[in-house]
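**Student:** quick one: sequence plus predicted model below, questions after.
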Amino acid sequence: IQSQQKYGLLDINLYVSNEDSIAPIKLERQWQLAVRPAWPAIQRNQKALLNTQQSVSLNIASDDLMPETLKGELLVSNQPPINLAEHLQHLLKYPYGCLEQSTSSSFPWLFAGSEKMSLLGLDNLKIEDKPIDFSKRTQYLAQGVKKISAKQLSNGGFALWDNQSSEEMWLTVYASHFLLKAKEQGVAVPGEVLKPAIKRLQQYLRSSRSDYNYRYSEYPEHLTLAYKSYAAYVLSSIKQAPLGTMRTLFDYHKKDARSGLPLMHLGIALAQQGDLIRSQKAIAAALEIKREANQYLGDYGSTLRDLSLMLDALIRFNSDHAGIERLLTELTDELGKRQWLSTQERNALFMAGAALKQNAQAQWGALLITAATTSDGLEISQQGDFKKYLSGEEVSQEILLTSRNKDRLYADLNISAYTQNPP
């Protein structure tokens, strides 16, 4: 049997008979055969940012695609299109286990209570067609604590692969942050693990920069500021960050920042310990610093990771802060440039997206016109995300979206189909 260029289920009918009157044979059989191209389907994407009363035409080229396989999905929101489901699924099934990967893949379980997942619209997620059992979150958090604890050194810090490796300062704070949050949620974190970790963070804040090896950073001064500021941020959440030390760190070392994240961490820590003046200055400075993509700073970061963590921290600190809108715009721009993401970036995006979803959402409106709507279009009045699945006919023609919102709207159109010819 040779298939032509067709997609879908084909019927195969078999008829067998003979002309023997003594032992007649008359058989009829039917089968269905799934037919599709011998190459994978492709996906295409178009993102748009709309200001008040602005209209945008969404039209992704599809002339080279098989019409019967074409389908699309349109997401419109007053928040950037952060695909929480994709990032969560990737993190929860991630198989590898260095300190960074173990911590990044364990962090989402802190948000994975069934009530929170329902709020985030993630309560029906599946991995490899199997529903995720969020009732086992405590079990998975305990597994994360066990994996991370196995990498703790005798001084309370943490190493990348095992407790015989070299200490990683930024990751030590990252792992300690997770352990503290897990304990806050009732997970059994051994005191012989958490207490030395907290003590090590306190030592980081008090220590001089010459105590550590900076073989992996082009800017050792930035790395020092990064892990110390992160340590201050974590310790301030349990009121154990010394205010005088943080003031000194800001006054004399803010110039060392090559990214806004350290000063965002330090600014929030200063506020939590009572110094609002320096806090405002640090956060304002954080919003002005742009991380350069070609610099390796040794803090496991990137522009995308840092913007996401800054957004998460700022929303949780002050959900009405004017800097949130600015970070949203920068994060949306950066997302449009990226195709592949690290576990660190995925976790940071998930945390930022979860913070945005849990933040109070204003009502917004828009007008949508597709091939399936009337000429007057579909009036959208929404709180949160608006999602619409599109037919091949709708996707192949112009889609017009007009904002009725006083603030920005974000549109994200995705289409998938098989190409008519082999790649």
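**Tutor:** Cool, the structure landed. Residues are numbered from 1 along each chain as shown.
**Student:** need the residues that contact the helix or strand where E393 lies.
**Tutor:** Here E393 sits within helix 392-396, counting by DSSP states H and E. With C-beta atoms under 8 Å, 6 or more residues apart in numbering as the test, helix 392-396 has contacts from 60, 62, 67-72, 370-372, 415, 417. In short, each C-beta sits where N, CA and C put it, glycine included.
**Student:** in it, what's buried?
**Tutor:** Within helix 392-396, the residues that count as buried by 16 or more other C-beta atoms under 10 Å are 392, 394-396.
**Student:** quick one: the helices in the stretch 251-400 of the chain, in order.
**Tutor:** Assigned by DSSP state H, counting those that start in this stretch, the stretch 251-400 of the chain shows helices spanning 261-272, 276-288, 303-317, 323-335, 343-358, 392-396.
**Student:** and the buried residues of helix 392-396, which is closest to T332?
**Tutor:** V395 (22.7 Å; C-beta to C-beta).
**Student:** distance check, that closest one against L74.
**Tutor:** Separation of V395 from L74 (C-beta to C-beta, to the nearest Å): 9 Å.
**Student:** repeat for A112
**Tutor:** 28 Å.
**Student:** equivalent analysis for Y15, please.
**Tutor:** Applying C-beta to C-beta to Y15 and L74 gives a distance of 47 Å.
**Student:** between those two, who's got more neighbours?
**Tutor:** L74 (22 against 8; other C-beta atoms under 10 Å).
**Student:** in which helix or strand would I find the more buried one?
**Tutor:** Assigned by DSSP H and E, L74 falls within strand 71-77.
**Student:** can you check W161 too?
**Tutor:** Using DSSP H and E, W161 falls outside every helix and strand.
**Student:** burial check on the spatially closest residue to it that is not a sequence neighbour, number of neighbours?
**Tutor:** Counting by C-beta to C-beta, 6 or more residues apart in numbering, C98 is the residue found nearest to W161 once chain neighbours are left out, at 5.7 Å. Residues near C98, counting by other C-beta under 10 Å, number 18.
**Student:** repeat for the one 10 residues further on
**Tutor:** Using other C-beta under 10 Å, P108 is surrounded by 24 other residues.
**Student:** returning to what we had before: following element in sequence after the strand holding L74, please.
**Tutor:** Criterion used, DSSP H and E; the element after strand 71-77 is helix 84-92.
**Student:** what helices and strands are in contact with that next one?
**Tutor:** Contacts defined by 3 or more C-beta pairs under 8 Å, 6 or more residues apart in numbering; DSSP states H and E place helix 84-92 against helix 99-106, strand 126-127, helix 343-358.
**Student:** relative to Q152, which of these is closest?
**Tutor:** The closest of the helices and strands packed on helix 84-92 to Q152 is helix 99-106. By C-beta to C-beta, the value is 9.6 Å.
**Student:** any idea of the angle that closest one forms with helix 343-358?
**Tutor:** Going by axes from the mean of the first three to the mean of the last three C-alpha atoms, to 10 degrees, helix 99-106 is angled at 30 degrees with respect to helix 343-358.
**Student:** average model confidence for stretch 110-123?
**Tutor:** On average, the pLDDT along stretch 110-123 is 68.
**Student:** now E394: closest residue in space, sequence neighbours ignored.
**Tutor:** Closest residue to E394 apart from its sequence neighbours, by C-beta to C-beta, 6+ apart: T370 at 4.4 Å.
**Student:** I'd say that neighbour and Q397 touch.
**Tutor:** Yes. Here T370 lies in contact with Q397, judged by C-beta atoms under 8 Å, at a distance of 7.3 Å.
**Student:** looking at the two, which one has more neighbours?
**Tutor:** Neighbour totals were compared for T370 and Q397, and T370 leads with 21 against 13 (other C-beta under 10 Å).
**Student:** looking at the helices of the stretch 251-400 of the chain, which one is packed in the most?
**Tutor:** helix 261-272 (a mean of 28; mean count of other C-beta atoms under 10 Å).
**Student:** re earlier: closest one of the buried residues of helix 392-396 to S149?
**Tutor:** Each of the buried residues of helix 392-396 was scored against S149 by C-beta to C-beta, and V395 proved nearest at 49.7 Å.
**Student:** report pLDDT for the closest one.
**Tutor:** Looking at V395, its pLDDT reads 91.
**Student:** what of L307?
**Tutor:** On pLDDT, L307 comes in at 96.
**Student:** ok, the one 10 residues further on next?
**Tutor:** We note a pLDDT of 95 for F317 in this prediction.
**Student:** quick check: phi and psi at the residue nearest to W161.
**Tutor:** In terms of degrees, to the nearest 10, the main-chain angles of C98 are phi -70, psi 180.
**Student:** S57 too?
**Tutor:** phi -100, psi 120.
**Student:** that one and I369: what is the separation?
**Tutor:** For S57, the distance to I369 - C-beta to C-beta - is 10 Å.
**Student:** then Y94?
**Tutor:** 41 Å.
**Student:** residue contacts, the most centrally placed residue in the chain?
**Tutor:** Taking C-alpha atoms, centre = their mean, the centroid of the chain lies closest to L349, which sits 2.8 Å from it. By C-beta under 8 Å, 6+ apart, L349 lies in contact with 82, 87, 304, 308, 341.
**Student:** which one is the first one nearest to, not counting chain neighbours?
**Tutor:** Meaning I82. Spatial nearest neighbour of I82, excluding adjacent residues (C-beta to C-beta, 6+ apart): G353 at 3.7 Å.
**Student:** so that neighbour is in contact with A85, correct?
**Tutor:** No. Using C-beta under 8 Å as the test, G353 is too far from A85 to be in contact (9.8 Å).
**Student:** can you map out the strands along this structure?
**Tutor:** Using DSSP state E, the strands of the chain run over residues 8-17, 26-35, 42-50, 55-58, 71-77, 126-127, 130-131, 363-369, 378-383, 386-390, 399-403, 409-417.
**Student:** the second one pairs with which strands?
**Tutor:** Meaning strand 26-35. Sheet pairing for strand 26-35, assigned by DSSP bridges, gives strand 8-17 (antiparallel).
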